[in-house]
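[1] After the sequence you'll find the predicted model.
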Amino acid sequence: MRLKHSLFTRRQFLNGVLGGWLGALLASFLYPIVKFIFPPYREPDEVILPFSDFEDMPSNSVKNFAWGSKMGILKKNDDGSYRVFVGVCTHLDCNVTYLPDQRKFFCACHDGWYDDSGLNIGGPPPKPLRRLFLVIEGDNLIIRKESIEQES
Amino acid sequence: MRNGIQSWLEERFGISEIARFLTHKKVPLHKHTVWYYTGSAILLFFTIQVITGFMLILYYKPTLEMANESVGRIMTEVPLGWIIRSVHSWSASFMIAFVFVHLLSIWITKSYRRPRELTWMSGVVLLLISLFFGFTGYLLPWDALSFSATKVGTDIPRAIPVVGAWITNLLRGGEDVTGDTLTRFYGIHVCILPVFLFILLGIHIYLIQKQGMSVPFEEESKGEKVKEIPFWPNFVYREMIIWLVLVGILFSVAIFLPPSLETRADLMAPAPEGIKPEWYFLFLFQTLKIFPAKILFISGEIVAVLLMIFAGILFFFLPFLDNKPIQRKGKFITAAAYVFIVYALIMTIWSLL
């Protein structure tokens, strides 16, 4: 039955109310399920490492550390300064390795190359390696997402 | 377009036959109809168990080192994890509670009589599977309480003559409850039991559809024809209302009373005070407790366990013990149901004192 000037019949209206209510109920069940299945990834704001572990590194060499659940790379330059990267290839997420003889980072998955400053120079990688920033505070190395002070 | 796909699928699956069956299926309407709803309430809670179980599997780690920690992580770090675990834990209790109500209603209305003997027996096996689900799931958080309860629970079969020690070793995966037991219980809980449960459930539901709902004799014998309502949509809509209420209660309880998590079980630590199994094992637990250490020459535990097994066998074969024609009352068996209810209640309350 449809009232004058009404857009719906009574049955359509009732079906819409009931269906909409059921849909809302279903959504309220699905929401927590989806929330649960996808845990948020929290990237660390900073990672603190004992300086003594890295002090004796020869120049032109790298040492790995855990940047959250990703591989971090700390590289000692020729002049004794450090450079820090997220050691993950920007192509398809493989961990890269440093080849000291060639002074390049290499990704074995699809033959990707970066120079020793992390710049992508060959193969498929679309972007340079992501850089992290380092502060030496007393006995600790503090590695941060962003450079807050002048990097050392 | 839609019709095209529908008829294409229909030609291959023939679903309309099932749909026709469901629309023609009738549910008798009488003063005991309320008990028919307990079956679908069990299915509801079982479905919730499956969904929340699938979710918990994503984060749970069934090893000695990680089990307790991973449950802690679910409770604290995983978004809404505490609700999911709480719902899984509470829904298990609700399911078992409804299993008992379902079973007692069938016992008292004598719905297991010819030709429904196999429906009853598959139901008893489903009960055992449900209890075993509860027992194996209880260990998985691996805290002091669940560890000790499992030690006690898996030690009980040892009292059975000849095969007892063998059963205990089989359950534990060795002489003692260790990390191997945990991994074994996990496998049983998430893999082996579900397979058997689905097979038995399939048989159980098939038999019910095949034979139709049982109408208690006192209703059938009134002379007039028993009223009926269509299964679809009338009965299903009523069931849905009940599901909604039950889900509301379940979630409220789960949110306000989440299960606790103690620190990780230490294999070498003394048992904590006041260890108790889940509530549905309490009456058995108390029964074991009240038996004296020695009855004449035999240990009390052996007598208690053998008595329980004997009662279980009688229970399983109930339709054959009470195989009188439908119109005979069989008062003794009905009385036994009430005796069982009173006994279980008294023992449960006693164990909580």
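    Yep, that arrived.

[2] quick one: pLDDT of A:F133?
    What the model reports for A:F133 is a pLDDT of 89.

[3] Name the SS class of it, please.
    Secondary structure for A:F133, judged by DSSP: H, G, I helix; E, B strand; the rest coil, is strand.

[4] show me the contacts for A:V17.
    By Cβ atoms under 8 Å, 6 or more residues apart in numbering or on different chains, the contact list for A:V17 is empty. (Each C-beta comes from the backbone N, C-alpha and C, glycine too.)

[5] Okay, buried residues for stretch A:122-131 please.
    By neighbour count with 16 or more other Cβ atoms under 10 Å in any protein chain shown, stretch A:122-131 contains the buried residues A:P125, A:P128, A:L129, A:R131.

[6] These in helices, which ones?
    Judged by DSSP state H, helices contain none of these.

[7] avg pLDDT for stretch B:68-82?
    Here the average pLDDT along stretch B:68-82 is 94.

[8] so how far does that stretch reach from one end to the other?
    Criterion Cα to Cα, to the nearest Å; first-to-last residue distance in stretch B:68-82 is 14 Å.

[9] Also stretch A:87-102?
    End-to-end distance for stretch A:87-102, by Cα to Cα: 17 Å.

[10] Give me the contacts around it.
    Applying Cβ under 8 Å, 6+ apart, the set of residues contacting stretch A:87-102 from outside is A:60-62, A:64, A:70-73, A:75, A:104-110, A:112, A:114, A:116, A:120, A:123-130.

[11] Of those, keep whichever come out buried.
    Buried, going by 16+ other Cβ under 10 Å: A:62, A:71-73, A:75, A:104-107, A:112, A:114, A:116, A:120, A:125, A:128-129, out of those.

[12] which ones among those come in contact with chain B?
    Here nothing survives when the buried ones among the contacts of stretch A:87-102 are matched to chain B using Cβ under 8 Å from any Cβ of the partner chain.

[13] Out of those, show me where the pLDDT dips lowest.
    A:D116 (87).

[14] Could I get the phi/psi values of the residue nearest to it when sequence neighbours are not counted?
    Distances taken as Cβ to Cβ, 6 or more residues apart in numbering or on different chains place A:R103 nearest to A:D116, at 4.5 Å, with adjacent residues excluded. As for A:R103, its main-chain torsions (degrees, to the nearest 10) stand at phi 50, psi 40.

[15] show me what contacts A:N120?
    Per Cβ under 8 Å, 6+ apart, neighbours of A:N120: A:T90, A:G112, A:W113, A:Y114, A:P126, A:K127, A:P128, A:L129.

[16] of all those, which comes closest to chain B?
    A:T90 (28.5 Å; Cβ to the nearest Cβ).

[17] ok, now how distant is B:S93 from chain A?
    Using Cβ to the nearest Cβ, to the nearest Å, B:S93 is found at 20 Å from chain A.

[18] Equivalent analysis for B:S148, please.
    Counting by Cβ to the nearest Cβ - B:S148 and chain A are separated by 30 Å.

[19] any chance you could map the helices in chain A?
    Using DSSP H, helices in chain A cover A:10-37, A:52-55.

[20] can you pull the buried residues of the first one?
    Neighbour counts using 16+ other Cβ under 10 Å place A:P32, A:K35, A:F36 of helix A:10-37 among the buried residues.

[21] same thing with the last one?
    Burial within helix A:52-55, assessed by neighbour count using 16+ other Cβ under 10 Å, is assigned to A:F54.

[22] Just the CA atoms of that helix, as PDB, please.
    Listed next in PDB are the C-alpha coordinates belonging to helix A:52-55 (Å, rounded to 0.1, in the frame of the first residue of the first chain):
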ATOM      1  CA  SER A  52      80.600   0.300  22.400                       C
ATOM      2  CA  ASP A  53      79.100  -2.200  20.000                       C
ATOM      3  CA  PHE A  54      79.800   0.000  17.000                       C
ATOM      4  CA  GLU A  55      82.900   2.000  18.100                       C
END
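
[23] who touches it?
    With Cβ under 8 Å, 6+ apart, helix A:52-55 has contacts from A:K63, A:L74, A:K76, A:Y82, A:D139, A:L141.

[24] how about a cut-off of 10 Å?
    Here helix A:52-55 makes contact (Cβ atoms under 10 Å, 6 or more residues apart in numbering or on different chains) with A:K63, A:F65, A:L74, A:K76, A:Y82, A:L134, A:I136, A:D139, A:N140, A:L141.

[25] what does the stretch 1-150 of chain B put close to chain A?
    B:48, B:51-52, B:54-56, B:58-59, B:73-74, B:77-81, B:83-84, B:87 (Cβ under 10 Å from any Cβ of the partner chain).
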